[in-house]
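Visitor: What follows is a predicted protein model with its sequence.
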Amino acid sequence: MAFLSVALWLGLLAWPAAGAAPGCAPTPGDALGPFYRPGAPVRASVGRGYVLSGRVLGAPVCGPVPGARLEFWLAGPDGRYGDDYRATVLTDASGAYRFESHFPPAYAGRPPHIHVRASAPGYRVLVTQHYPRPGATGARFDLVLEPET
Ligand SMILES: [Fe+2]
C-alpha cells in the first residue's frame, strides 16, 4: 500500500486514462436496448417534468464538443416506447445540451432510465443510459467521448 501511494505520488503508475484531466474518463457505455430508432426529430422536449442537461466533452483533455448529436429515447408515461418520446439534440458552442421529458417510468423490471446515443465527428459513438434518482426533477449528465483511433 505504501508503495502504491508513493508510486502514485511520483506518477510512476499509468492509469487507463493516462493523461486525462481529473473527471475526464470516458463515460461508460450501457445497453442500446431494442427500441432505438435513428432519425428522431430535432427538438429539446418530449414532455415536462424532468430536465437533463450537461455538456459533451472529449477525452483526454475534456474539451467541449460543439455540434455533437445526442439522440434520446425513453418509455412513455404508459411504459411503451414510441416516436413521441424520441428526440435529437445538438450541443451548442460550449458543448452544452438540455433535454426535457416526463420522468421515465419503470417498466419490465428495469429502473427508470433515459437512453442516450452520442455521436460527433472524430469520436467513437457512445451509447449509454441515464438513471434518474427517485423524485428528482432533473440532473446534470456530462458525456465524455473517446477520440477515434
Ligand atoms: Fe429502455
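Guide: Nice, thanks for sending it over. These numbers come from a predicted model, not from an experiment.

Visitor: and residue 1, what pLDDT?
Guide: Note on residue 1: pLDDT of 36.

Visitor: Now do the contacts for the residue sitting nearest the centre point of the chain.
Guide: By Cα atoms, centre = their mean, the chain has its centre lying nearest to residue 143, at 4.4 Å. For residue 143, the contact set (Cβ atoms under 8 Å, 6 or more residues apart in numbering) comprises 27, 54-57, 68, 70, 116, 118, 126, 128. For glycine as for every other residue, the C-beta is placed from the backbone atoms N, C-alpha and C.

Visitor: again, 6 Å this time
Guide: 27, 56, 118 (Cβ atoms under 6 Å, 6 or more residues apart in numbering).

Visitor: Just name the closest of the residues you listed to residue 110, please.
Guide: residue 27 (19.4 Å; Cβ to Cβ).

Visitor: What about that closest one, how many residues nearby?
Guide: A total of 19 residues lie near residue 27 under the criterion other Cβ atoms under 10 Å.

Visitor: Now do the helices in this structure.
Guide: 2-10 (DSSP state H).

Visitor: which strand in it runs the most residues?
Guide: The longest strand of the chain (DSSP state E) is strand 50-58.

Visitor: what's that one in contact with?
Guide: Under the criterion Cβ under 6 Å, 6+ apart, residues 65, 68, 91, 95-96, 98-101, 103, 138-145 lie in contact with strand 50-58.

Visitor: just stretch 74-88 next, same as before
Guide: With Cβ under 6 Å, 6+ apart, stretch 74-88 has contacts from 35, 40, 42-43, 46, 71-73, 101-102, 104-105, 107, 114.

Visitor: Among those, name the buried ones.
Guide: 40, 46, 71-73, 101-102, 104, 114 (16 or more other Cβ atoms under 10 Å).

Visitor: Could you pick out which of the residues you listed are located in strands?
Guide: 71-73, 101, 114.

Visitor: Check the offset of the longest strand of the chain from the chain's centre.
Guide: Mean-position distance between strand 50-58 and its chain equals 7 Å (Cα atoms, centre = their mean, to the nearest Å).
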